[in-house]
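Chemist: sequence isn't available, so here's the structure alone:
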């Protein structure tokens, strides 16, 4: 099962070539990841879905990026409708999680275009000691339905 997160493009995401800049693509992935996995103070904890990480200052765990990779398949033009970012867990380790992505054209638009694939490995870290922190039972339970094969990059 995958999460679908709509991300609205901004005019400032475009570069001189009139497509979304590669740096902005990483920002888009970050925004989708935060919306999918970080808890909102206003949400009901029993109805959080995959959004279970503490997003507040002073949280019990930090998430640091250990690895990030992206494969660009087609330029992303400016679109008024939000991109459809599909997210899933490619690997759920002891203290790390691999978040996988496919960046698609807006939901309902045909033909559906796959603009790119990506992967981000996050390491959970104790904010006091700086040591890796094991992923808790609550997070494992919330993320288990979204575990599937990691993203397969085609241009290797």
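Modeler: Yep, that arrived. If you're wondering where the values come from, they're calculated on a predicted model, not measured in any experiment. Residues are numbered from 1 along each chain as shown.
Chemist: quick one: low-confidence parts of this protein?
Modeler: By pLDDT under 70, the low-scoring segments of the chain are 41-48, 55-56, 156.
Chemist: can you classify the residue sitting nearest the centre point of it by secondary structure?
Modeler: Central residue check for the chain by Cα atoms, centre = their mean: the C-alpha nearest the mean position is that of residue 33, 2.9 Å away. With DSSP: H, G, I helix; E, B strand; the rest coil as the basis, the three-state label of residue 33 is helix.
Chemist: state the distance from it to residue 11.
Modeler: In this structure, residue 33 lies at 23 Å from residue 11, with Cβ to Cβ, to the nearest Å as the measure. From N, CA and C alone the C-beta is placed, and that goes for glycine too.
Chemist: now residue 104. Nearest residue, chain neighbours left out?
Modeler: Here the nearest residue to residue 104 in space, its sequence neighbours aside, is residue 84; by Cβ to Cβ, 6 or more residues apart in numbering that works out to 4.3 Å.
Chemist: cool, and residue 148?
Modeler: With sequence-adjacent residues excluded and distances taken as Cβ to Cβ, 6+ apart, residue 148 is closest to residue 88, at 5.3 Å.
Chemist: no more questions from me, cheers.
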